[in-house]
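A.B. asks: curious how this folds, go ahead:
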Amino acid sequence: MKSFKLLLAICMVTLLHSCTGGPQLMPNISGKAGEVVVVINKGDWESEAGVALRGVLAVDQQFLPQREPLFTLVNIPENAFTSIFQTHRNIIIVKVIESQQEPKIALQENVWAAPQIVVTISGSNELQISEIIARDQERLRGAMLMAERNRNIQNAKRYEEKSLRAVVTDEFGGSPYFPKGYSLKKRIEDFIWISYETTYTNQGIFIYSFPYRDSTDFLKENLIAKRNEILGRNVPGQVEKSYMTTNMLEESGLKWIRYNKRDFAELRGLWEVQNDFMGGPFVSHFFIDKENMNIIALESFVYAPRYDKRNYLRQVESLIYSFEFF
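C.D. replies: As a prediction, the model looks like this:
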């Protein structure tokens, strides 16, 4: 009996030690998607440092049908930055430290909650801080966008509708991850349409392929022409002789991106329905399937006439970023 009690005591001590010394569970993040808490004193917020931040993160997001900021910034003075704000998903802390010689931007994850990003920008004065914000604006903007995207991808994987991944992989050799709520709307050879629809919104994804000829296939005008050809054939509108196409009154944007060991051309713009009044934003990824010498296209689009579209588009475009070959 004494031996048993001694063993039990040792086990309890070991358990308590592992609980206090091991990894701790963090609280879930708070706040809305696309929102950033900026911890900065009111005077600095209204002067160079705040102006520089707003010029990088609160500019209009391109390729939306109406004006929406890239991020919604919420200013919190340093003395008000309490635990209620520390669990926010996106936090930027601006510090003026007179003794600091060089300005710095430091990125951290999961400081007070998870999955969280905390950016600390420091310098000896406001001018230094505004200069490093301007100099490293691509890094700052990219870090915030990636944090938002990664959360959406994590949720898609955690609550995945695996049957959809199986359908797409069977046709194209790889697939994005789709969360619960998405369903198969259309499947024919070389074209699949998957969507998440509510009463007033539609978030859709097209996956299609076409033969690769040469590098000119990736010219913007050629990608748009191929997009219009395939969607015009496969995505009819609600009235006779209507179909999805690219809005040519607003110029689309094309750039090359490397993400998760894949290089692809990203096309952003506005779609519309020919002979109807529907429209919205889209994001397309085009890359070469070297094994079959095809170009695979992943396209996300949003129809939400009653609502702002930034967050809806960000949700669905994150899914095409999650594509993997299986």
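
A.B. asks: what does stretch 184-204 contact?
C.D. replies: With contact meaning C-beta atoms under 8 Å, 6 or more residues apart in numbering, stretch 184-204 is reached by 164, 167-168, 171-172, 178, 181-183, 205-210, 230, 234-235, 300-307, 312, 315-316. Quick note: C-beta positions are derived from backbone N, CA and C, even for glycine.

A.B. asks: give the next helix or strand downstream of the worst-scoring helix or strand of the chain on mean pLDDT.
C.D. replies: Lowest by mean pLDDT, DSSP states H and E among the helices and strands of the chain is helix 2-21, with a mean of 44. Remark: after helix 2-21, the chain's next helix or strand is strand 35-39, criterion DSSP states H and E.

A.B. asks: that next one pairs with which strands?
C.D. replies: Applying DSSP bridges, strand 35-39 is found paired with strand 72-76 (parallel), strand 90-96 (parallel).

A.B. asks: can you give me the distance of residue 323 to residue 296?
C.D. replies: 8 Å (C-beta to C-beta, to the nearest Å).

A.B. asks: and for these two, which residues touch both?
C.D. replies: Overlap between the contact sets of residue 323 and residue 296, as judged by C-beta under 8 Å, 6+ apart, is given by residue 174.

A.B. asks: enumerate every residue touching residue 270.
C.D. replies: The contact partners of residue 270, by C-beta under 8 Å, 6+ apart, come to 63, 65, 246, 247, 250, 252, 279, 280, 281, 282.

A.B. asks: neighbour count, distance to residue 126 and secondary structure added to those residues, as TSV?
C.D. replies: Formatted as TSV, the contacts of residue 270 follow (neighbours: other C-beta atoms under 10 Å; distance: C-beta to C-beta, whole Å; DSSP: H, G, I helix; E, B strand; the rest coil):
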residue	neighbour count	distance to residue 126	secondary structure
63	16	33	coil
65	17	36	coil
246	21	44	strand
247	17	42	coil
250	16	37	coil
252	20	38	coil
279	18	43	strand
280	23	40	strand
281	27	36	strand
282	26	40	strand
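
A.B. asks: what's the end-to-end length of stretch 61-81?
C.D. replies: 28 Å (C-alpha to C-alpha, to the nearest Å).

A.B. asks: export the longest strand seen in the chain as PDB, just CAs?
C.D. replies: In the chain, taking DSSP state E as the definition, the longest strand is strand 262-274. C-alpha atoms of strand 262-274 as PDB (Å, rounded to 0.1, in the frame of the first residue of the first chain):
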ATOM      1  CA  ARG A 262       4.200  26.800 -57.200                       C
ATOM      2  CA  ASP A 263       4.500  29.600 -59.700                       C
ATOM      3  CA  PHE A 264       1.300  30.900 -61.300                       C
ATOM      4  CA  ALA A 265      -0.100  33.900 -63.100                       C
ATOM      5  CA  GLU A 266      -2.700  35.700 -61.000                       C
ATOM      6  CA  LEU A 267      -5.400  37.500 -62.900                       C
ATOM      7  CA  ARG A 268      -7.700  39.900 -61.000                       C
ATOM      8  CA  GLY A 269     -10.700  41.800 -62.400                       C
ATOM      9  CA  LEU A 270     -14.400  42.100 -62.600                       C
ATOM     10  CA  TRP A 271     -16.800  39.600 -64.200                       C
ATOM     11  CA  GLU A 272     -20.200  40.300 -65.700                       C
ATOM     12  CA  VAL A 273     -23.000  38.400 -67.300                       C
ATOM     13  CA  GLN A 274     -23.500  39.200 -71.000                       C
END
